[in-house]
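A.B. asks: Sequence plus the predicted model coming up.
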Amino acid sequence: MSASPKGMFWTSDNSVYGAFVVGCIVTYLFLSKSASNGPDKLKSPDQSNAPTVHDKGEVSKFSPREVVKSSVGQAHPFTGEEKYKNCVYLDYNATTPIFPEVTNAMLPFITNAFGNPSSSHVFARPCRDGLQRARLQIGALVNAKDALREICLTSCGTESDNRAIDIAIHHFALHKQKWQLAQSGKDSVVSKVPHVVTCVTEHPAVINYLRALVREQRISLTVLPVDAQGFISVAEVKLSLTMDTALVTIMHSNNEVGTIHPIKEVSQVIKQFNQQSKGEACVLLHSDGAQSLGKVLIDVQALDLDMLTIVGHKFGAPKGVAALYIRSNVETVPMLVGGGQERGVRSGTENVALVVGLGEASRLALEECSALLLHLLSLKLRLVTALVEGFAKPAERSKVKFNGPARANNPKDLLSDLKIIRVMIKSQLNASQYSITKDSTQDLEASAAVVAAVEATKAAMSLEVLQQLPNTVSVSFRGIHSHEIITQLSEKVACSAGSACHAVHAPVASGNHSTPAATPAAKISDVLRAMNVPEDFALGTLRLSFGRHTTEQDIDITAATIIAAVKAAWKKSQS
């Protein structure tokens with residue numbers, strides 16, 4: 001099938017969206033200033049000059065006519081053992097390093113601002129304002145209409161995915177009860193089992209939880225296949241819907257091969273189905289955006305999403321913090337019952353420092369969207385080209401396979417699309433309606449620069465090259481096992497054989513003993529199996545994923561190291 005990239009579109013109403021972004025950013029800038037007006041004792045001398053949302057210093061300069069660059073393309077200041085500094089990190093889809101700006105934003109809430117945000121005294125105010133500011137930043141990233149009500153903070157993507165499913169089941173039961181009351185005039189218990197539609201390549205947090213619910217007889221389940229490029233069929237989504245369907249949950253992009261699903265078209269099918277049912281159907285749409293955010297833009301309004309999973313450690317925030325966007329008209333059910341935090345949806349004292357980190361990472365993802373898109377696509381072109389040229393002999397070329405959308409892995413097409421995207425972004429920035437006068441404040445200047453960058457990125461995201469994540473290359477080598485290659489690469493290049501979230505690990509010999517270690521066992525990925533990748537290729541698959549702090553030198557080292565390791569493995573297998 002030929003999947004459309006429209007699932008990535010932002011709203012076509014530039015003025016409305018622009019006004020929204022300006023409003024959100026100015027609001028949280030104001031809140032950040034309010035938070036800084038707490039007692040002096042909450043600020044230590046060594047933290048007083050730390051970059052904040054409203055005072056970035058040299059960290060980020062804004063210009064309405066330039067892409068906001070910040071630290072994009074600069075090597076991350078890794079700390080720790082010397083061996084890590086000499087190893088290229090190309091496993092961004094597993095987790096990212098915490099971005100320096102995120103660390104700086106978190107520090108005051110780790111060292112000084114310790115109050116409980118639910119308290120009413122002066123020590124609580126900076127923490128409460130920090131939470132509110134972060135919620136607005138997260139909401140601005142995904143274009144939530146009412147971020148303070150629609151962004152629910154969680155601990156991880158698994159929690160967000162599980163709770164989205166629970167909420168959909170609860171929403172279905174309430175809707176059916178109201179429907180039956182309206183039809184019969186009697187209030188009765190809903191006996192129908194809710195139906196859920198998902199995709200075979202979903203993250204385990206979705207597919208395994210749904211299968212557990214099936215075993216408990218709490219739902220019925222339809223699992224849709226994917227084609228050879230990893231796309232679902234919108235037509236099959238449409239055929240799967242019934243009057244008892246409570247939820248369609250389709251990930252925005254796949255975490256192993258990077259395929260971006262046509263979410264917009266799916267949402268249109270669901271909307272039409274709900275409308276034609278004349279009020280009987282109440283199908284909700286959830287998408288796991290963990291792998292997409294921080295790489296491409298997701299607009300919950302343009303995609304008509306009811307729920308969206310947001311995961312901090314995938315784009316520069318710490319592990320242990322995530323969020324779930326829940327559209328305001330969705331009937332929620334408490335995830336945790338207690339003190340009533342998160343509007344009663346998820347009780348428990350918030351981890352303010354981590355939430356502030358997620359907010360700052362969201363701010364960076366929005367501001368840097370154009371610069372990061374160009375950076376990632378340039379690195380992808382460099383890596384794919386190097387691998388193609390490194391295995392140029394016909395006998396070698398026949399043993400190398402790139403997985404995912406074909407155009408996104410072809411050097412000529414990548415180069416052509418990258419050139420077009422550069423022109424589109426430059427043109428859009430120059431034509432931005434949000435011009436800056438000399439009298440503009442720094443806050444408004446920042447806001448206009450972000451709006452211009454968002455509009456430019458949105459304009460560039462209609463090309464087929466962005467049917468796959470711009471930072472992801474999945475490549476298979478026939479006749480060898482990926483764990484053999486990764487063992488050779490381990491001290492030089494950090495990458496993955498598939499998803500780190502559900503890898504199967506085998507023990508590694510250490511002297512005369514076997515000890516548990518992070519060496520994946522030889523097993524075909526469920527994603528590659530679903531895409532019908534031949535077994536002799538699938539067993540030798542590497543997932544290479546890069547990000548904000550990856551450099552061109554990193555890519556060159558990676559390509560040369562992989563080419564040498566694969567050729568050595570082939571030679572060894574023939575001897």
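C.D. replies: Yep, it's here. Fair warning: this is a prediction, and the values are worked out from it, not measured in the lab. Numbers count the residues shown, from 1 in each chain.

A.B. asks: What helices and strands are in contact with the longest helix along the chain?
C.D. replies: Secondary structure assigned by DSSP state H gives helix 157-184 as the longest helix of the chain. Helices and strands touching helix 157-184, by 3 or more Cβ pairs under 8 Å, 6 or more residues apart in numbering; DSSP states H and E, are strand 151-154, helix 204-215, strand 245-249, strand 284-288, strand 307-311, strand 322-326. In this view, the C-beta of every residue, glycine as well, is placed from N, C-alpha and C.

A.B. asks: Nearest to Gln574, out of those?
C.D. replies: helix 204-215 (36.8 Å; Cβ to Cβ).

A.B. asks: Between strand 245-249 and that closest one, find me the angle.
C.D. replies: Counting by axes from the mean of the first three to the mean of the last three Cα atoms, to 10 degrees, helix 204-215 lies at 160 degrees to strand 245-249.

A.B. asks: angle of helix 204-215 against helix 157-184?
C.D. replies: Relative orientation of helix 204-215 and helix 157-184, computed by the same axes, to 10 degrees: 40 degrees.

A.B. asks: ok, and for the next helix or strand along the chain from helix 204-215, which residues are buried?
C.D. replies: As assigned by DSSP states H and E, the chain's next helix or strand after helix 204-215 is strand 220-224. Within strand 220-224, the residues that count as buried by 16 or more other Cβ atoms under 10 Å are 220, 222-224.

A.B. asks: Not counting the helix or strand harbouring Val475 itself, show me its contacts.
C.D. replies: Element membership for Val475, per DSSP H and E: strand 472-477. Residues from elsewhere that reach strand 472-477, judged by Cβ atoms under 8 Å, 6 or more residues apart in numbering: 93, 256-258, 380, 383-384, 387, 399-404, 409, 485, 528, 533, 537-538, 540-545, 566, 569-570.

A.B. asks: Restricted to helices, list those residues.
C.D. replies: Counting by DSSP H, these place 380, 383-384, 387, 485, 528, 537-538, 566, 569-570 in helices.

A.B. asks: Ala322 and Glu159 touch, don't they?
C.D. replies: Yes: the criterion here is Cβ atoms under 8 Å, and Ala322 meets it with Glu159 at 6.8 Å.

A.B. asks: Looking at those two, which one has more neighbours?
C.D. replies: Ala322 (27 against 19; other Cβ atoms under 10 Å).

A.B. asks: per-residue confidence for that one?
C.D. replies: Ala322 carries a pLDDT value of 95.

A.B. asks: which residues touch it?
C.D. replies: 153-157, 159-160, 309-312, 358.

A.B. asks: Swap in 10 Å and give it another go.
C.D. replies: Ala322 sits next to 138, 152-161, 290, 309-314, 354-355, 358 when contact means Cβ atoms under 10 Å, 6 or more residues apart in numbering.

A.B. asks: Test my guess that Ser160 contacts Met307.
C.D. replies: Yes: at 8.4 Å, Ser160 counts as touching Met307 under the criterion of Cβ atoms under 10 Å.

A.B. asks: hang on, the earlier thing: can you pull the residues that touch both of Ala322 and Glu159?
C.D. replies: 309, 311.

A.B. asks: which parts of stretch 472-489 are buried?
C.D. replies: For stretch 472-489, the buried set under the neighbour-count rule, 16+ other Cβ under 10 Å, comprises 472-478, 480-486, 488-489.

A.B. asks: just stretch 249-257 next, same as before
C.D. replies: Across stretch 249-257, burial judged by 16+ other Cβ under 10 Å covers 249-257.

A.B. asks: hey, where'd the strands end up in the stretch 451-575 of the chain?
C.D. replies: With DSSP state E, counting those that start in this stretch as the criterion, the stretch 451-575 of the chain has strands at 472-477, 493-494, 505-510, 513-520, 541-545.

A.B. asks: May I have the strands that pair with the shortest one, each with its orientation?
C.D. replies: Partner strands for strand 493-494, per DSSP bridges, with pairing direction: strand 88-89 (parallel).

A.B. asks: And Ala290, its phi and psi?
C.D. replies: Main-chain dihedrals, Ala290, degrees, to the nearest 10: phi -50, psi -50.
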